[in-house]
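Novice: Just a sequence and a predicted model for now, questions to come.
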Number of protein chains: 2
Amino acid sequence: MPDAARPSKREEPRRETERTILAAAEKVFAEAGFGGATMQLIADMAGLPKANLHYYFPTKEALYRRVVGEIFEIWLQAAEALDQAQCPVEGIGAYIDAKMEISRRHPFGSKVWASEVMHGAPVIQDYLETTLRDWTEGRAAAIRRWIANGQMQPVDPHHLLYMLWATTQHYADFGHQIETLNGGRPLSDEDWAAATRSVKEIILRGVGAL
Amino acid sequence: MPDAARPSKREEPRRETERTILAAAEKVFAEAGFGGATMQLIADMAGLPKANLHYYFPTKEALYRRVVGEIFEIWLQAAEALDQAQCPVEGIGAYIDAKMEISRRHPFGSKVWASEVMHGAPVIQDYLETTLRDWTEGRAAAIRRWIANGQMQPVDPHHLLYMLWATTQHYADFGHQIETLNGGRPLSDEDWAAATRSVKEIILRGVGAL
DNA sequence: AAATTTATTGACCGCTTGGTCAGGTTATGG
DNA sequence: CCATAACCTGACCAAGCGGTCAATAAATTT
């Protein structure tokens, strides 16, 4: 029975099972927080016995660490949108596009990250102090260059970056609130497009790049 | 010994003790999440035996409910800034001022709210569907009036409100990340003033109100 | 097809959790 | 100064937790 209903475990069974567990863990950690999540809940969601989880991930914290690390990777990739741009409209616009897409496609991951940071980043403090800080300084320098070139108004680069993060991630982290205010219905394709358009318009006009 | 070191319990001892417990609970819930928080931790932080907590609040959830409710009240009060304004610069500006001040003075409450919404608002769903929805629609109408009067550009009122919430609350919810990127130091008075200035400047210019 | 490694699992363990309760202590009111 | 009510708390409990382990099953190698 090749290519059965369950994803084929012929090639790399370990990877397949790990992915199943990680997906379940991401969802449970997002919905219950680290403290509220239980290995039993994750196991049920993954359709595996609890003991099997500990075969692939020694502890709950190790599993959590992997989940958080994967989100960070995704965000770093999106950040490249800011790099290869010549003007703020293009760079910031592409970055907002990318981050809004991530908020839509990976809402659980975004929530796990938010939860982790809110609780004082006990697990990812080193990320914040090294990779994220370096990345932030680099991007701030690029923004200062745009300002020096007269391509946008002189706004504080850090606070601009915070605004970009806050606004885009809000659609993932507070998605439930937004959905409720949207009459209980999830945002449609057009709703997401309109949201992205609004964010880009206000911020790009706000920094004087339009 | 009138007016001793401990807050006077002569007048309304019940209220005093409740406030002590609520303050401790707010902090612990913010730092550990609902699932990660324990009654023992809250009791230690409040300097009371655990059993005493259950004398004032029957269950962990009842205590949590009170904490969340108090934050919502604070935000509703801040919302009045938006009401008594004639122009967007004044209204939105005052609202940003108020919400930034709350982020600074009540970071724990903001985190508890964020955590609650992220986890699907199991406790405050009714707030979202009634009070918050009504408030949002009222404010959206006010914004549409400003647009009709030509006092600002035609932006989607809902997405503007989301941006205001996201940006201001980010300074509380992600305060640890911001502090880390600030060299590990908490934001100074001037930092907060600069942050508020940046947010107001970008958003007010972004909606074409300047 | 035997041997060996890898994957799977039910049963179990020590510990912490939210919550209870009986009994003690303090304040209030007559 | 006593009685009644409000307040406080150490000791305790059932339930659920993260994690372990010995036994088994499946795959892979020889």
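Specialist: Nice, I can see it.

Novice: In space, what's closest to the residue positioned nearest the centre of chain A - neighbours in sequence excluded?
Specialist: By C-alpha atoms, centre = their mean, chain A has its centre lying nearest to residue A:110, at 3.9 Å. Sequence neighbours aside, residue A:172 is the residue nearest to residue A:110 in space, at 3.6 Å (criterion: C-beta to C-beta, 6 or more residues apart in numbering or on different chains). C-beta: built from backbone N, CA, C; applies to glycine.

Novice: Kindly report the same for residue A:208.
Specialist: Distances taken as C-beta to C-beta, 6+ apart place residue A:153 nearest to residue A:208, at 3.4 Å, with adjacent residues excluded.

Novice: Same question for residue A:72.
Specialist: Leaving aside its chain neighbours, residue A:72 sits nearest to residue A:127 (6.0 Å; criterion: C-beta to C-beta, 6+ apart).

Novice: hmm, back to that, was I right to think the residue nearest to residue A:110 contacts residue A:115?
Specialist: No - in this structure, residue A:172 sits apart from residue A:115 without contact. The criterion is C-beta atoms under 8 Å, and the distance is 11.8 Å.

Novice: pLDDT weak spots in chain A?
Specialist: Per-residue confidence of chain A (counting by pLDDT under 70) places the weak regions at A:1-12.

Novice: Would you list the phi and psi of the residue of it found nearest DNA strand C?
Specialist: Of all residues in chain A, residue A:51 sits closest to DNA strand C, with a separation of 2.8 Å (C-beta to the nearest atom of the strand). Taking degrees, to the nearest 10, you get phi -60, psi -30 for the backbone angles of residue A:51.

Novice: Tell me how many other residues crowd it.
Specialist: Residues within reach of residue A:51, counting by other C-beta atoms under 10 Å in any protein chain shown, total 9.

Novice: where's the closest residue to residue A:26 other than its chain neighbours, which helix or strand?
Specialist: For residue A:26, the nearest residue in space outside its immediate sequence neighbours is residue A:108; the separation is 4.6 Å by C-beta to C-beta, 6+ apart. When secondary structure is defined using DSSP states H and E, the element that contains residue A:108 is helix A:107-118.

Novice: Following the chain past that helix, name the next helix or strand.
Specialist: Moving on from helix A:107-118 towards the C-terminus, the next helix or strand you reach (DSSP H and E) is helix A:125-127.

Novice: contacting residues around that next one?
Specialist: Outside helix A:125-127, the residues that touch it by C-beta atoms under 8 Å, 6 or more residues apart in numbering or on different chains are A:72, A:121, B:180.

Novice: just checking, next helix/strand downstream of that helix?
Specialist: Downstream of helix A:125-127, the first helix or strand assigned by DSSP H and E is helix A:133-148.

Novice: starting at the chain centroid, how far to that next one?
Specialist: Between the mean C-alpha point of helix A:133-148 and the mean C-alpha point of its chain there is a distance of 21 Å (C-alpha atoms, centre = their mean, to the nearest Å).

Novice: Packing partners of the very next helix or strand once past it?
Specialist: Stepping forward along the backbone from helix A:133-148, the first helix or strand reached (DSSP H and E) is helix A:157-173. Packing contacts for helix A:157-173, counted by 3 or more C-beta pairs under 8 Å, 6 or more residues apart in numbering or on different chains; DSSP states H and E, involve helix A:88-105, helix A:107-118, helix A:133-148, helix A:189-206, helix B:107-118, helix B:157-173, helix B:189-206.

Novice: Run the angle between the second one and helix A:88-105 for me.
Specialist: Yep, that's helix A:107-118 we're talking about. Calculated by axes from the mean of the first three to the mean of the last three C-alpha atoms, to 10 degrees, helix A:107-118 forms an angle of 100 degrees with helix A:88-105.

Novice: Based on its surroundings, how many neighbours for residue A:27?
Specialist: 21.

Novice: Report the buried residues of the host helix or strand of it.
Specialist: Assigned by DSSP H and E, residue A:27 belongs to helix A:13-36. Residues of helix A:13-36 classed as buried under the neighbour-count rule (16 or more other C-beta atoms under 10 Å in any protein chain shown) are A:17, A:20-22, A:24-36.

Novice: tell me the angle of the helix or strand just after that helix relative to helix A:13-36?
Specialist: Helices and strands here follow DSSP H and E; after helix A:13-36, the next one along the chain is helix A:39-46. An angle of 130 degrees separates the directions of helix A:39-46 and helix A:13-36 when computed by the same axes, to 10 degrees.

Novice: Stretch A:24-42 near DNA strand C at all?
Specialist: No - Stretch A:24-42 stays out of contact with DNA strand C when judged by C-beta under 7 Å from any atom of the strand, the minimum separation being 8.9 Å.

Novice: how near is the residue of chain A closest to DNA strand C to residue B:41?
Specialist: Residue A:51 is 30 Å from residue B:41, where distance means C-beta to C-beta, to the nearest Å.

Novice: Likewise for residue A:34?
Specialist: From residue A:34 to residue B:41 the distance is 15 Å (C-beta to C-beta).

Novice: One more: residue A:118?
Specialist: 17 Å.

Novice: So which of these two has more stuff around it?
Specialist: Each of residue A:118 and residue B:41 has its neighbours counted (other C-beta under 10 Å); residue A:118 has more, 26 against 18.

Novice: Can you say which of the helices and strands packed on helix A:157-173 is nearest to residue B:47?
Specialist: Go through the helices and strands packed on helix A:157-173 one by one with C-beta to C-beta and the one that ends up closest to residue B:47 is helix B:107-118, at 17.5 Å.

Novice: what's the angle between the closest one and helix A:157-173?
Specialist: Computed with the same axes, to 10 degrees, the direction of helix B:107-118 lies at 40 degrees from that of helix A:157-173.

Novice: can you list the residues that contact helix B:107-118?
Specialist: Under C-beta under 8 Å, 6+ apart, the answer for helix B:107-118 is A:30, A:33, A:111, A:114-115, A:118, A:173-174, A:176-177, B:26-27, B:29-31, B:33-34, B:67-68, B:70-72, B:74-75, B:102-103, B:122-124, B:128, B:169, B:172-173, B:175.
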